[in-house]
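Peer 1: could you look at this predicted model? Sequence included:
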Amino acid sequence: MSDGERSSGRLLTGVAWALLLLGLWLWGREVTDVRRGISAPTTGDVAAVGRPADTELPPAARPLSQALPQRIDIPELGVQAPVVARGLDTEGAIDPPPFDQAGVVGWYAAGAKPGAEGTALMVGHVDTETRPAVFYKLSTMRAGETIRVVRDDGKVALFTVDGVEVVQRDGFDARQAYGTRQPDRAELRLITCGGTFDRVSHSYTANVIVSAYLTGTAL
């Protein structure tokens, strides 16, 4: 097997797992918001990062009108990436950004729009065989940090992180992971793979899920 085939196989399997979860989630309930991605190399199988008890978070802002996402900025991670709309593949799973676009973030276009009411889903690759990708450091995010989503209505939706989890494949609860945490809010999930990379199955053992909610806007 060539290096290129090994690289493609690793990425395909990591993405396929996240997409499978997403497909099952969509099948199990009415379409609201879901997505998948490939993994960030976390050091070992972390159970959860969560939110420190003493972290004070700002109140939620009212959801915005409908508008398409164009770019996502995560200052703490040094991420500034274009966002592309993605749909389902032939197997009913979310189709991720192409493997040769490791710096691009995919948004599940059949779900909620970022900033509007509901939960918007975004996914991104974490690495390739040779270099880190857009969500390489996603598992290092902490509650209180900011995610900025530039929209095509000229507004920037500001989201505050309120949780970071590394969810194991065994016993995965899609509703809890991807569902809206509080009604009448605009929420955001950033998803990639995590845990450890199993070289036998060519897949990661977990998913990193960053949860955030709308707390303001900028121009």
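Peer 2: Alright, I've got the coordinates. Numbers count the residues shown, from 1 in each chain.

Peer 1: report the distance from stretch 112-124 to the chain centre.
Peer 2: 10 Å (CA atoms, centre = their mean, to the nearest Å).

Peer 1: give the next helix or strand downstream of the helix or strand bottoming out on mean pLDDT in the chain.
Peer 2: Every helix and strand in the chain was compared by mean pLDDT, DSSP states H and E; the lowest is helix 3-28, with a mean of 42. Using DSSP states H and E, the helix or strand that follows helix 3-28 in sequence is strand 69-74.

Peer 1: which helices and strands sit right next to that following strand?
Peer 2: For strand 69-74, the helices and strands in contact under the criterion 3 or more CB pairs under 8 Å, 6 or more residues apart in numbering; DSSP states H and E are strand 79-86, strand 118-123, strand 146-151. The way it works is simple: take the backbone N, C-alpha and C, and place the C-beta from them, glycine included.

Peer 1: just name the most buried of these.
Peer 2: strand 118-123 (a mean of 26; mean count of other CB atoms under 10 Å).

Peer 1: so where's the protein shaky on pLDDT?
Peer 2: Within the chain, the segments meeting pLDDT under 70 span 1-54, 89, 91-94, 169, 171-172, 202.

Peer 1: for it, longest strand please?
Peer 2: Longest strand of the chain, by residue count under DSSP state E: strand 203-218.

Peer 1: that one pairs with which strands, and in what direction?
Peer 2: Strand 203-218 has its sheet partners listed here by DSSP bridges as strand 156-168 (antiparallel), strand 186-198 (antiparallel).
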